[in-house]
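[1] the sequence isn't on hand, but the structure is:
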Ligand code: C5P
């Protein structure tokens, strides 16, 4: 099923670290022609820039950084280093920083008719009126194994127990923070990725929900 040029579809995808949300959101974006944004990369980029430049005034510095940020800059592999991951969830607690990134995400969503953003607070704060809200879940053990496999490609010394511990700390910070915590939106569809056989199984589930919504909005 294809979306027509004038059709609009806004999809929010939230979930904990390595829950499968990026893979799922990217695949459906490609399949249905949605403009995709990983908001986690925005937070990672903010963290990276703060560590690199140590500005006196973090807020005015980040305002400048995000004013004309090109998405190409988010492709830097360094943004996925474990040090950046840990620091990111600390700066992500700050409301003033979140506001800057919120503005960026809102502008992104406004620019396109068909859009999918993934993160932690997309269905609850950034796109509360999204057509579809997915909430990805996965046990810590399975999520840590996924992340470990990815990180091992660039660092053979990394240990599974370290990866799992760091992820557990980060998920807890994200769930328990006061500002925009990781919580399921009321009307979200749960995608339990450790119960699905493979990526194809996940894609089938996501597609089913999307096609139902397209039919509902535009008929078959
Ligand atoms: O999704 P990813 O693991 O790349 O996100 C990195 C970190 O960015 C998260 O652990 C979280 O602290 C922060 N984040 C957030 N809100 C979002 C997306 C990411 O606080 N919408």
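    Done, it's in. Since we're looking at a predicted model, the values are computed, not measured. Numbers count the residues shown, from 1 in each chain.
[2] all helices of this structure, in order?
    For the chain, applying DSSP state H gives helices covering 21-32, 39-53, 58-67, 82-91, 95-111, 140-152, 160-176, 199-218.
[3] out of the ones you listed, which is closest to the ligand?
    The minimum distance between the ligand and the helices of the chain falls on helix 39-53, with 2.4 Å, by Cβ to the nearest ligand atom. In short, each C-beta sits where N, CA and C put it, glycine included.
[4] what's the angle from the closest one to helix 58-67?
    Helix 39-53 runs at 120 degrees relative to helix 58-67, counting by axes from the mean of the first three to the mean of the last three Cα atoms, to 10 degrees.
[5] next, the buried residues of helix 39-53.
    Neighbour counts over helix 39-53 (16 or more other Cβ atoms under 10 Å) mark 39, 40, 41, 42, 43, 44, 45, 46, 47, 48, 49, 50 as buried.
[6] what about it, near the ligand?
    Yes - contact of helix 39-53 with the ligand (Cβ under 6 Å from any ligand atom) involves 39, 40, 43, 44.
[7] other SSEs contacting that helix?
    Here helix 39-53 touches helix 58-67, helix 82-91, helix 95-111, strand 114-119, going by 3 or more Cβ pairs under 8 Å, 6 or more residues apart in numbering; DSSP states H and E.
[8] adding mean neighbour count and distance to the ligand, write these out as CSV.
    Output for the helices and strands packed on helix 39-53, formatted as CSV (neighbours: other Cβ atoms under 10 Å; distance: least, Cβ to the nearest ligand atom, whole Å):
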stretch, mean neighbour count, distance to the ligand
helix 58-67, 15, 14
helix 82-91, 17, 3
helix 95-111, 16, 7
strand 114-119, 25, 3
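[9] could I get the ones you listed as JSON lines with mean pLDDT?
    Formatted as JSON lines, those follow (pLDDT from 0 to 100):
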{"stretch": "helix 58-67", "mean pLDDT": "97"}
{"stretch": "helix 82-91", "mean pLDDT": "96"}
{"stretch": "helix 95-111", "mean pLDDT": "98"}
{"stretch": "strand 114-119", "mean pLDDT": "98"}
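[10] returning to what we had before: which one, of the helices of the chain, ends up nearest to residue 132?
    Minimum separation from residue 132 across these (Cβ to Cβ) falls at helix 199-218, 5.4 Å.
[11] so which bits of the closest one are buried?
    202, 203, 205, 206, 209, 210, 214.
[12] how about the residue most central in space within the chain: what's its closest non-neighbour residue?
    Centroid check for the chain by Cα atoms, centre = their mean gives residue 119 as the closest residue, at 2.6 Å. Taking Cβ to Cβ, 6 or more residues apart in numbering, and ignoring the residues beside it in sequence, residue 119 has residue 39 as its nearest neighbour in space, at 3.4 Å.
[13] shouldn't that neighbour be in contact with residue 127?
    No - between residue 39 and residue 127 there is no contact under Cβ atoms under 8 Å: 10.3 Å.
[14] quick one: low-confidence ranges for this structure?
    For the chain, applying pLDDT under 70 flags the ranges 220.
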